[in-house]
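1. Coordinates only, no sequence provided:
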Ligand SMILES: Cc1cc2nc3c(=O)[nH]c(=O)nc-3n(C[C@H](O)[C@H](O)[C@H](O)COP(=O)(O)OP(=O)(O)OC[C@H]3O[C@@H](n4cnc5c(N)ncnc54)[C@H](O)[C@@H]3O)c2cc1C
């Protein structure tokens, strides 16, 4: 099928949280409303993170930090208070269900569509390719539809990292992807399972098993067996990071450790040190040279992840209870093979620091390896097409794609194309912190202002 159109002003590829935030900001731009196409196969605002119906899947950030807009910081809390006015005082501190966050984004999108009728079109589909011709883009969807736009924003989000071994020989239903919540919820009550990966996605799986009354053994296998740590029970602390600017990675790690220990000695939560760092991570990442970035990925990232990506106290309690009862057993090791046996699977792994192999027999294997960030392995047809055509090139250390400070994609010759922009996880190599809502809402607002100015400039006749 092919459909030709008056070009949209902007096409946003991907309608998860990032795409919706971009659309909301584009619709809020001053001047004549921009004509925006939001291409998303599912329900806008859901994406991987918020497209879950499970009430036990909660935000890992308190509500008062999750507004869609930097300039209206209490917007989510106000939205939630409409349903729960009695709890208005405490809502800001709650870790609300992620499905409620999707409802919030969808409501704000509806509000914006009513305020600017006809400006936004939700096109159901997947973008598989795009070409730049003159001043516009021709965008190809998987069903052959062609759309045209003067600017494109890529908000393609996250894909799950694949298991490092083949699972093709397993019986149907034995291997499960962690983000397939209905399949997790359908696991038999007494089934033994192994979750590969020990991060936030593992915690989601465990929470669902807990909620469905699962009573079997749960093994968790990961290289280092570090589990996510909880948020502080109370409060947080912000602050500047002047003392951290221009330090080498080694010095930076030492200063952060010393500060966290000092807080603990003083009876303060170590988490406050991470809170202080949080708004400055992008700037600190940019000051590291390539060798230090590589060192960070090799030696620091696992500790970083568990201290930075923390979980709600209620989620931490589920993990602790499962460990204390012996139902949850954590193994540090490297997965070497998964073979079918007795309708289930034998997982072979090499325990950390040993050369022999252990075998775990389970009924199900759950892939909770987390997000794929290496450009060449991102399982997305559009990313593959852009890398193949040279319109995009891998970002620093091969992570995400290369962009300039405005988020414009750099082509394989290093040229940044101002009308082809990325937000979110595609910018991870450039920014490191580029996945969570605080970064996404800032990027979305910046990109919308940039596009407005760019398109206004394009339509101004040359003097
Ligand atoms: C399980 C989980 C929980 C999280 N919890 C939090 C939290 O509590 N707080 C927080 O701040 N952050 C959280 N995050 C971080 C999270 O990455 C972001 O908040 C948010 O989900 C990112 O949205 P996104 O739109 O960039 O990505 P995604 O959620 O991955 O959405 C991308 C969308 O793009 C679409 N798409 C992809 N490719 C194409 C294509 N070629 N054409 C058209 N459409 C396409 C997909 O269908 C998808 O809907 C969480 C992440 C995960 C994975």
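-> It's in. Bear in mind the structure is a predicted one, so any value in this text is a computation, not a measurement. Numbers count the residues shown, from 1 in each chain.

2. Can you tell me which residues in the stretch 201-350 of the chain are near the ligand?
-> Proximity of the stretch 201-350 of the chain to the ligand, by CB under 6 Å from any ligand atom, involves residues 201, 204. All C-beta atoms are positioned from the backbone trio N, CA, C, and that covers glycine.

3. Kindly check the end-to-end length of stretch 396-416 for me.
-> Criterion CA to CA, to the nearest Å; first-to-last residue distance in stretch 396-416 is 15 Å.

4. Would you mind listing the outside residues contacting it?
-> Residues outside stretch 396-416 that contact it (CB atoms under 8 Å, 6 or more residues apart in numbering) are 154, 290, 293-294, 297, 373-376, 383, 386-387, 390-395, 417-423, 425-430, 434, 443, 446-447, 450.

5. now these: which count as buried?
-> 154, 293, 373, 375, 383, 386-387, 391-395, 417-423, 425-430, 434, 443, 446-447, 450 (16 or more other CB atoms under 10 Å).

6. list the buried ones in the helix or strand containing residue 203?
-> Using DSSP states H and E, residue 203 sits in helix 200-211. Within helix 200-211, the residues scored as buried using 16+ other CB under 10 Å are 200, 201, 202, 203, 204, 205, 206, 207, 208, 209, 210.

7. The second one reaches residue 368, doesn't it?
-> Yes. Taking contacts as CB atoms under 8 Å, residue 201 lies within contact range of residue 368: 4.0 Å.

8. which residues do those two both contact?
-> residue 178.

9. Torsion angles phi and psi at whichever residue of the stretch 101-250 of the chain sits closest to the ligand?
-> At 2.2 Å from the ligand, residue 157 is the closest residue in the stretch 101-250 of the chain, using CB to the nearest ligand atom. Main-chain torsions, residue 157, degrees, to the nearest 10: phi 70, psi -140.

10. Not including adjacent chain positions, what is the nearest residue to it?
-> residue 16 (4.5 Å; CB to CB, 6 or more residues apart in numbering).

11. hang on, the earlier thing: from the contacts of stretch 396-416, which land in strands?
-> Among those, the members found in strands (DSSP state E) are 154, 417, 418, 419, 420, 421, 422.

12. Show me the strands in the stretch 251-400 of the chain, by range?
-> Along the stretch 251-400 of the chain, counting by DSSP state E, counting those that start in this stretch, strands occupy 328-341, 344-351, 358-362, 364-367.

13. Minimum distance to residue 142: which of those strands has it?
-> strand 364-367 (24.1 Å; CB to CB).

14. which neighbours does the closest one have in its sheet, and in what orientation?
-> Here strand 364-367 has these sheet partners by DSSP bridges: strand 175-177 (parallel), strand 193-196 (parallel).

15. With mean neighbour count, mean pLDDT and distance to residue 119 added, can I get those in a markdown table?
-> Shown next, in a markdown table, are the strands paired with strand 364-367 (neighbours: other CB atoms under 10 Å; pLDDT from 0 to 100; distance: least, CB to CB, whole Å):
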| stretch | mean neighbour count | mean pLDDT | distance to residue 119 |
| --- | --- | --- | --- |
| strand 175-177 | 18 | 98 | 36 |
| strand 193-196 | 26 | 98 | 44 |
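
16. can you list the ones you listed in JSON lines and add distance to residue 408?
-> Shown next, in JSON lines, are the strands paired with strand 364-367 (distance: least, CB to CB, whole Å):
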{"stretch": "strand 175-177", "distance to residue 408": "33"}
{"stretch": "strand 193-196", "distance to residue 408": "37"}
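
17. Now tabulate those in CSV and tack on distance to the ligand.
-> What follows is the strands paired with strand 364-367, written out as CSV (distance: least, CB to the nearest ligand atom, whole Å):
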stretch, distance to the ligand
strand 175-177, 12
strand 193-196, 14
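
18. of all the ones you listed, which lies closest to residue 317?
-> That would be strand 193-196 among the strands paired with strand 364-367, by CB to CB, at 18.1 Å.

19. what does the closest one contact?
-> 163, 178, 187, 202, 205-206, 209, 216-222, 335, 345, 347, 360, 362-369.

20. if we can go back for a sec, for the ligand, tell me which of the ones in strands among the contacts of stretch 396-416 show up nearby.
-> Counting by CB under 6 Å from any ligand atom, no member of these reaches the ligand.

21. Which of the buried ones among the contacts of stretch 396-416 fall in helices?
-> Using DSSP state H, 293, 383, 386, 387, 428, 429, 430, 443, 446, 447, 450 are the members of the buried ones among the contacts of stretch 396-416 that sit in helices.

22. So the last one versus the ligand, what's the distance?
-> Just to be clear, that refers to residue 450. Look at residue 450 and the ligand: by CB to the nearest ligand atom, to the nearest Å, they are 18 Å apart.
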